[in-house]
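Undergrad: Starting from these lines, generate the structure:
(one chain, ligands or ions: 1)
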Amino acid sequence: MNDLWELQEETVVDTETVDAIILGAGVSGLVAASVLVKQNTARIMVIDSYDRVGGNHIDWSRDGFTFDVGSLIFQDDSPLVKHFPQLLDHYVHIHPSWGRLNPQRKVTTYPISVKDDILAAGPVVIGRILFSVLFARLRGKTMRNAKDFAAYWIGEYLLRRSGLENYMARFYGVAPDYIDLELAQKRMLWIKENSSLTNLLRKLLPKKPSVDHVPNKQLARPKAGYATLYEPVKRALGQNGVSFKLGMDITKLEKIDGDRFVVTSSCGKTVTAPRMISTIPINNLCDLCGLEQKRPLQTITLISLYFSFAGKRGFDQSILYNFSYEAAWKRLTVYSDFYGPTDGREYFAVEVVANDTITSIALAEAEFRQHVAKNGIFDGDLRLEGGHVLDNAYPIYVHGAAADARQQIETLKQYGIESFGRHGAFNYQPTARVSTLEVEEALDYRHPEPQPA
Ligand SMILES: Cc1cc2nc3c(=O)[nH]c(=O)nc-3n(C[C@H](O)[C@H](O)[C@H](O)COP(=O)(O)OP(=O)(O)OC[C@H]3O[C@@H](n4cnc5c(N)ncnc54)[C@H](O)[C@@H]3O)c2cc1C
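TA: Numbers count the residues shown, from 1 in each chain. Got it, this is the predicted structure:
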């Protein structure tokens, strides 16, 4: 008798057998379920430790204010919508604008302003910028990390002066000289694009309206929160043979007889399937399987601060990035610009990357208050309504992490587990669109061509 049979004998009512198990009910897990349905997998089980679907799309409400962990903006042409067209009935159409607080204490264009960051600086600074770019391009230094990459394109002087170096450190959780070059080449191409001479000149010229380009619509979650958005998705998947085990605390994941996986929960229930897909963090997955890791992958802890405000706001944009030299907060999103104020108060969330000194909501709040007061960002009654601490928010790409992740994903593959998604691939996925495309690629799925009418 094999181990699985013994297990089933003992806990016969508590074992479920399906064709595929998906770990994680975030965008990646939901899209994976949708793809498997389309590929004719009959019984699919999606498991998550959260008691709801949607993954790290997390909201929090109080007294008519609804916040979420970060800026979450979607588009109507996203491939996610092809899987789940019901989302379009719930998104709110918005007109976001993006700004940035630069080190010279000015709120200006994101990610860089030719006018404010370069031209307004005067001839001496312009000369230094040009000299620094020329020096970077001509000296032929081998690029080793993200700082070398950015410095090559905009020069070390502008990298520092524009606050981009500080923003990168805030964003990636380590100084840019510790960030993998591979990540910079993959994810920071906008620096190269924005700094090419032709693009800079194009920016200075008046824009011609494009005749055939139809811009996509920018959308936000419903004011009521994510449940309204993702419950219909869960229902639609349920109608196609997908079941959900939410709020499940997994204690073990085993492979039995070389061809079956068994997931065990803390209350002793088990689910078994021949196919195992994972979108949960690689570290967690290796722990559950008892697989050794050379060194654990590092991730960022994100502290979100939820504020309401009455008074004078020092910027017009709905999303503001912190490119200044001080403070750990990296971005704030003003929800009342999308949903309207509540009881006359504006409200917004601030994303703060936790570091050695900013380790709690209280510390993050104190530093944010001090910084915005100094920079004239909020002048009035700023009230903290709540906050959230999110572990494993996104990967930290210190040198060698990408190679370590690849090796661990390969080890999991040898074991029989397909691991992908933001955490499963240890891949910074900036948008739900990218997450969707990467799941489709991992599962070798292409949307059918539309039929001619
Ligand atoms: C702060 C922030 C802002 C963002 N802003 C935008 C934006 O404006 N627009 C946009 O399109 N995208 C945005 N994104 C990106 C987008 O959210 C991601 O691309 C997408 O959510 C990734 O989905 P995922 O399923 O791979 O991961 P996740 O959503 O993180 O889902 C992983 C799931 O795995 C579960 N899990 C983890 N460990 C276990 C375990 N041991 N057992 C069971 N379950 C487990 C978690 O509970 C979670 O539900 C943002 C992301 C963040 C963090």
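Undergrad: rest of the way, CA atoms for contacts and neighbours
TA: OK.
Undergrad: contacting residues around residue 349?
TA: Contacts were defined as CA atoms under 8 Å, 6 or more residues apart in numbering; by that measure residue 349 touches 67-71, 304-307, 332-335.
Undergrad: In helices, which of those residues appear?
TA: In helices, judged by DSSP state H, none of those are found.
Undergrad: shaky segments in the protein?
TA: 1-13, 196-214, 453 (pLDDT under 70).
Undergrad: For the residue in the stretch 201-350 of the chain that the ligand sits nearest to, give me phi and psi.
TA: Using CA to the nearest ligand atom, the closest approach of the stretch 201-350 of the chain to the ligand is made by residue 280 at 4.3 Å. Taking degrees, to the nearest 10, you get phi -90, psi 170 for the backbone angles of residue 280.
Undergrad: Spell out which residues belonging to this structure are near the ligand, please.
TA: Residues of the chain lying close to the ligand (CA under 6 Å from any ligand atom) are 23-29, 47-50, 55-57, 69-74, 250, 279-281, 284, 393, 421-423, 429-433, 435.
Undergrad: just checking, which of those residues belong to helices?
TA: Filtering the residues of the chain next to the ligand for helices - DSSP H - leaves 27-29, 284, 421-423, 432-433, 435.
Undergrad: and the two most separated of these?
TA: Checking these against each other with CA to CA, the farthest-apart pair comes out as 284 and 433, at 24.7 Å.
Undergrad: Surely residue 366 is within a strand?
TA: No - checked against DSSP: H, G, I helix; E, B strand; the rest coil, residue 366 lies outside a strand; its state is helix.
Undergrad: What are the boundaries of the helices in the stretch 201-350 of the chain?
TA: 226-238, 282-289, 336-339 (DSSP state H, counting those that start in this stretch).
Undergrad: The ones you listed: which one's closest to residue 149?
TA: Taking CA to CA, helix 282-289 is the member of those nearest to residue 149, at 28.0 Å.
Undergrad: and the next element down the chain from the longest strand along the chain?
TA: Residue-count comparison of every strand in the chain, with assignments taken from DSSP state E, identifies strand 378-395 as the longest. Remark: after strand 378-395, the chain's next helix or strand is helix 401-415, criterion DSSP states H and E.
Undergrad: for that following helix, which positions count as buried?
TA: Buried residues in helix 401-415, counted by 16 or more other CA atoms under 10 Å: 401-402, 404-405, 408-409, 411-412.
Undergrad: now swap in stretch 316-330 and tell me
TA: Within stretch 316-330, judged by 16+ other CA under 10 Å, the buried ones are 317-325, 327-330.
Undergrad: With stretch 253-268 instead?
TA: Per 16+ other CA under 10 Å, stretch 253-268 contains these buried residues: 253-255, 260-264.
Undergrad: Assign residue 184 to helix, strand or coil.
TA: Under three-state DSSP, residue 184 falls in the helix class.
Undergrad: show me the contacts for it.
TA: Applying CA under 8 Å, 6+ apart, the residues near residue 184 are 145-146, 149.
Undergrad: Closest one of the residues you listed to the ligand?
TA: Closest approach between these and the ligand, by CA to the nearest ligand atom: residue 146, at 21.1 Å.
Undergrad: circling back to that earlier point, can you lay out the contacts of residue 184 as TSV showing secondary structure and neighbour count?
TA: Shown next, in TSV, are the contacts of residue 184 (DSSP: H, G, I helix; E, B strand; the rest coil; neighbours: other CA atoms under 10 Å):
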residue	secondary structure	neighbour count
145	strand	20
146	helix	25
149	helix	24
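Undergrad: quick one on the thing from earlier: in PyMOL, how would I select the buried members of the ones in helices among the residues of the chain next to the ligand?
TA: Entered in PyMOL, the line below selects the buried ones among these, by 16+ other CA under 10 Å:
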select buried, resi 27+28+29+421+422+423+432+433+435
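Undergrad: Any of the residues of the chain next to the ligand buried? List them.
TA: 23-29, 47-50, 55-57, 69-71, 73-74, 250, 279-281, 393, 421-423, 429, 432-433, 435.
Undergrad: Secondary structure of residue 158: a helix, I assume?
TA: Yes - with the criterion set as three-state DSSP, the secondary structure at residue 158 is a helix.
Undergrad: Tell me the spacing between it and residue 322.
TA: Separation of residue 158 from residue 322 (CA to CA, to the nearest Å): 16 Å.
Undergrad: As a check, name the ranges of all helices in the stretch 51-200 of the chain.
TA: 79-83, 123-138, 146-161, 164-172, 181-187, 189-195, 197-204.
Undergrad: Tell me which residues of the second one come out buried.
TA: Same thing as helix 123-138. So, applying 16+ other CA under 10 Å, buried residues of helix 123-138: 125-126, 129-130, 132-133, 135-136.
Undergrad: Same question for the fifth one.
TA: Of the residues in helix 181-187, those with enough neighbours to count as buried (16+ other CA under 10 Å) are 181-185.
Undergrad: Which one of those residues is nearest to the ligand?
TA: Ranking these by separation from the ligand, with CA to the nearest ligand atom as the measure, puts residue 183 on top at 16.1 Å.
Undergrad: what sits against the closest one?
TA: Shown in contact with residue 183 (CA under 8 Å, 6+ apart): 146, 397.
Undergrad: and it, how far is that from residue 407?
TA: When distances are taken as CA to CA, residue 183 and residue 407 turn out to be 17 Å apart.
Undergrad: And residue 62, by the same measure?
TA: If you measure residue 62 against residue 407 using CA to CA, the figure is 44 Å.
Undergrad: Repeat that for residue 97.
TA: Residue 97 sits 40 Å away from residue 407, taking CA to CA as the criterion.
Undergrad: Check residue 235 too.
TA: Separation of residue 235 from residue 407 (CA to CA): 37 Å.
Undergrad: again, but for residue 26
TA: With distances defined as CA to CA, the gap from residue 26 to residue 407 amounts to 24 Å.
Undergrad: Check residue 78 too.
TA: Here residue 78 is placed at a distance of 31 Å from residue 407 (CA to CA).
Undergrad: same question, residue 383
TA: Taking CA to CA as the criterion, residue 383 is separated from residue 407 by 46 Å.
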